[in-house]
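In: predicted structure and sequence below. I'll ask about it afterward.
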Amino acid sequence: MSLRKANKITLSPALKAPQPAEKLARAVGVVVRAVGRGLIPGKKLPTEGGGGFNPRTKPAESETALAAEDRPHASPRFSAACLAAVFALLAALPAAAQYAGKVAKDSKENPELRSIAVLEWTGEEGNPKASRLVPVSILDGDKLQDGSIYLARPEPMAVAPMVEYQLEQDGKPLGLFDVDNSGQELGSWVGFGAWKPMPSAHPKLTAAELAKLNVDSDDEPGSDEPVLHRKHHGDDAPAAGSSSPSSASSDADTPAAPSDPDRPVLHKKTDTTDTAGTGSGSSSAPADDPDRPVLKKSKTSDPHDTASVDSVPGDTDPGRPRLKRGKSNADAIKVAPSLLGLPPDLRQTIAVSDAKTHADHPWDYSWTTPADEAKMRSALEDIARNALGLTAPAPASKPAAKRITTTKTTAKKTTKPPPPPAPLVDEQYRVFELAYGSGATLVLSAHTDGPTATQKFVTLIAQPDLYGNVLVLKKNVADGAHLDETPRMRLVDAVDALADNRGELLFELRGATQRQFALYRVLRGQAEQLFVTGGGQFGMETSER
């Protein structure tokens, strides 16, 4: 095969078909040729010899029959209209060849950025011993991005300092988590910070408390305008018309009331200089003013250079720099207790960071009767036991023995009760209402007993069908010896990752040496994987269904 044949490009039928821009160009050419020939139909055009254009004749015959002087001539107004239509078509040609692009939605309806993360901690809720924040996803417009690499400079935006998350459990707020710094653990970025309680809402004031806030009763109620009030003093002159002359004379004889101690008062300085001249022209020195600054010489002086000593005795300046031994604490980064590995008492919860405030959306489902809940849970546990191989095989039927007729009466044999079902280790059972008015979504995960290498893990996502039976939407079965090939699914919680008031199920895909997080959307009787961190190489869809 030659190189030219190998590099030959074959156009698809869609590319061979004329495009809208090509069709428009052809139409413009037809109109231009028609205007040039005077063949534009519509208004009847006047002619000099009474002849006119016959549409029944062929184009060639009409062109031959009509001489140059006998051809119809359009009016100037009609020609201008035709030229305007041609220019409009020519102007629309570049616009038709361009890509229209995506129509931007209203920013009020879609959030700009919405980050989903998982807070892992050990210890008490609200006061953990050690914690870390693992980024999962960031909603950028209408697309989910990997939160562990989104705008990494070098740390990703999800774990940048001063980012605040709201901690949620079952859609209800637990507190706030402020990221102070970040670092890498096993090649992945995590954030460290502090767990803070939710801010309490301001209580509504009662009528009595509102009455106390009304400082001046003369002010108009409900007025927001500020009012200036003059402070009254005891030595202020009375207002005009408020006192008689006799009362004014009596007030002059009586001492004035004590004035405000914070009010400045001017006092006349008393001169003690001897003004009775003795002819010598000399006068005694004035008395010392207590407010007059006086220069005094220091009694003690340090002969050594105070700039090179460790401490200066008698120095009380709090802003004086001091040299001390030890490590400097200037510009120190506060490092929270970090969490390493996967301890057995590890706890997880959802963390959401959004610039907009959304109403709380609880995910709990309320059953109609407790019997329905018990029935669904029992059926789901039986399916999990079958998947783990814990169901005991049915006993083989024995051949019927021959009947021997005897006159002796035999006692009735009591049937043995069935053995109890095999226990499910670390069973986790949750029921969610992922949308307002939707049905129940059941999630059950458990594993068998024994060493980790011999354990089997199962996770089920199910819903009730129309007949009240359990319909399994997804089943994940893994064994401890091949966790890196088929990871086990551990439910974290439900979260609204797309900000559309519909919950998604967040699972941890945990293997022997690595892990990922995945979001699943349950809709129309299917459980579809919506997003997975790390590119999806580890948490591939290899589980049963």
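Out: Now that the structure is in, tell me what you want to look at.

In: how about stretch 339-351 as PDB, C-alpha atoms only?
Out: Taking Å, rounded to 0.1, in the frame of the first residue of the first chain, the C-alpha atoms of stretch 339-351 are listed here in PDB:
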ATOM      1  CA  LEU A 339      -4.300  12.200  60.500                       C
ATOM      2  CA  LEU A 340      -2.100   9.500  59.000                       C
ATOM      3  CA  GLY A 341      -3.300   6.200  57.500                       C
ATOM      4  CA  LEU A 342      -6.700   4.600  58.000                       C
ATOM      5  CA  PRO A 343      -7.100   3.900  61.700                       C
ATOM      6  CA  PRO A 344      -9.900   1.600  62.800                       C
ATOM      7  CA  ASP A 345     -11.800   4.300  64.600                       C
ATOM      8  CA  LEU A 346     -11.800   6.600  61.500                       C
ATOM      9  CA  ARG A 347     -15.000   8.600  61.100                       C
ATOM     10  CA  GLN A 348     -16.200  10.400  57.900                       C
ATOM     11  CA  THR A 349     -18.700  13.200  57.100                       C
ATOM     12  CA  ILE A 350     -19.600  15.400  54.200                       C
ATOM     13  CA  ALA A 351     -18.100  18.900  53.800                       C
END
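
In: for that stretch, buried residues please.
Out: By neighbour count with 16 or more other CB atoms under 10 Å, stretch 339-351 contains the buried residues Leu339, Gln348, Thr349, Ile350, Ala351. Any C-beta I mention is one placed from the backbone N, CA and C, and that applies to glycine too.

In: got it, and stretch 355-369?
Out: Across stretch 355-369, burial judged by 16+ other CB under 10 Å covers His361, Trp363, Tyr365.

In: mind listing which of those are in strands?
Out: Using DSSP state E, no member of those falls within strands.

In: just to be sure, Ala158 is in a helix?
Out: Yes. Under DSSP: H, G, I helix; E, B strand; the rest coil, Ala158 sits within a helix.

In: list the contacts of Thr452.
Out: Gly480 (CB atoms under 8 Å, 6 or more residues apart in numbering).

In: distance of it from Tyr467?
Out: 39 Å (CB to CB, to the nearest Å).

In: just say helix, strand or coil for Ala374.
Out: helix.

In: burial measure for it, as a count.
Out: 11 (other CB atoms under 10 Å).

In: pLDDT wise, what is it at?
Out: Looking at Ala374, its pLDDT reads 94.

In: if I look at it, how far off is Ser148?
Out: 41 Å.

In: mind giving me the domain ranges of the protein?
Out: According to automatic domain parsing, the chain comprises the domains 12-97, 113-196, 370-390+420-536.

In: so can I have JSON lines of the ones you listed showing distance to Asp262?
Out: What follows is those, written out as JSON lines (distance: least, CB to CB, whole Å):
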{"stretch": "domain 12-97", "distance to Asp262": "76"}
{"stretch": "domain 113-196", "distance to Asp262": "41"}
{"stretch": "domain 370-390+420-536", "distance to Asp262": "57"}
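
In: comparing those domains, which gets the lowest mean pLDDT score?
Out: Between those, the one with the least mean pLDDT is domain 12-97; it has a mean of 54.

In: ok so, going back, taking the buried residues of stretch 339-351 together, which two end up most distant?
Out: Comparing all pairs in the buried residues of stretch 339-351 by CB to CB, the longest separation belongs to Leu339 and Ile350, at 17.0 Å.

In: nearest to Pro203, out of the domains of the chain?
Out: domain 113-196 (18.5 Å).

In: which one of the buried residues of stretch 355-369 sits closest to Gly389?
Out: Tyr365 (30.1 Å).

In: am I right that that closest one is in contact with Val431?
Out: Yes. Counting by CB atoms under 8 Å, Tyr365 touches Val431, with 4.6 Å between them.

In: okay, and the common contacts of these two?
Out: Residues touching both Tyr365 and Val431 (CB under 8 Å, 6+ apart): Ala440, Thr441.

In: helices of the stretch 301-450 of the chain, residue ranges please.
Out: Here the stretch 301-450 of the chain has its helices, by DSSP state H, counting those that start in this stretch, at 370-388.

In: could you do the chain as well?
Out: 3-6, 13-16, 20-37, 59-65, 76-97, 207-213, 245-253, 370-388 (DSSP state H).

In: list the helices and strands the last one packs on?
Out: If contacts are counted by 3 or more CB pairs under 8 Å, 6 or more residues apart in numbering; DSSP states H and E, helix 370-388 sits against strand 425-432, strand 441-447, strand 456-464, strand 470-479.

In: kindly calculate the angle that the second one makes with strand 456-464.
Out: Right, the one you point to is strand 441-447. Relative orientation of strand 441-447 versus strand 456-464 (axes from the mean of the first three to the mean of the last three CA atoms, to 10 degrees): 170 degrees.

In: neighbouring contacts of strand 441-447?
Out: 365, 376-377, 380-381, 384, 388, 424-434, 455-464, 470, 488-491, 505, 522.

In: show me which of those are buried.
Out: Buried, going by 16+ other CB under 10 Å: 365, 376-377, 380-381, 384, 388, 424, 429-434, 455-464, 470, 488-491, 505, 522, out of the contacts of strand 441-447.

In: could I get stretch 157-177 in PDB with only the CA atoms?
Out: Output of stretch 157-177 as PDB, limited to C-alpha atoms (Å, rounded to 0.1, in the frame of the first residue of the first chain):
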ATOM      1  CA  MET A 157      -8.200  25.400  45.400                       C
ATOM      2  CA  ALA A 158     -10.300  23.100  47.500                       C
ATOM      3  CA  VAL A 159      -7.800  23.000  50.300                       C
ATOM      4  CA  ALA A 160      -6.300  26.500  49.900                       C
ATOM      5  CA  PRO A 161      -6.000  28.400  53.200                       C
ATOM      6  CA  MET A 162      -9.000  30.400  54.500                       C
ATOM      7  CA  VAL A 163     -11.500  28.200  52.600                       C
ATOM      8  CA  GLU A 164     -14.500  27.400  54.800                       C
ATOM      9  CA  TYR A 165     -16.700  24.200  54.600                       C
ATOM     10  CA  GLN A 166     -20.000  23.400  56.200                       C
ATOM     11  CA  LEU A 167     -20.100  19.900  57.700                       C
ATOM     12  CA  GLU A 168     -23.200  17.900  57.000                       C
ATOM     13  CA  GLN A 169     -24.700  14.600  58.100                       C
ATOM     14  CA  ASP A 170     -28.000  13.400  56.500                       C
ATOM     15  CA  GLY A 171     -28.200  16.900  55.000                       C
ATOM     16  CA  LYS A 172     -28.200  18.600  58.400                       C
ATOM     17  CA  PRO A 173     -25.400  21.000  59.400                       C
ATOM     18  CA  LEU A 174     -22.900  19.800  62.100                       C
ATOM     19  CA  GLY A 175     -20.500  22.700  62.100                       C
ATOM     20  CA  LEU A 176     -17.900  24.600  60.100                       C
ATOM     21  CA  PHE A 177     -14.300  23.600  59.100                       C
END
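
In: about what we covered before: would you format the helices and strands packed on helix 370-388 as CSV with distance to Arg114 included?
Out: Formatted as CSV, those follow (distance: least, CB to CB, whole Å):
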stretch, distance to Arg114
strand 425-432, 20
strand 441-447, 22
strand 456-464, 24
strand 470-479, 25
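
In: burial of Asp382, as a residue count?
Out: Neighbour count of Asp382, defined by other CB under 10 Å: 14.

In: swap in Met198?
Out: Neighbour number of Met198 under other CB under 10 Å is 11.

In: filter the buried residues of stretch 339-351 down to just the ones in strands.
Out: Residues of the buried residues of stretch 339-351 located in strands (DSSP E): Gln348, Thr349, Ile350, Ala351.

In: now those residues in TSV, with pLDDT?
Out: Output for these, formatted as TSV (pLDDT from 0 to 100):
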residue	pLDDT
Gln348	96
Thr349	96
Ile350	97
Ala351	97
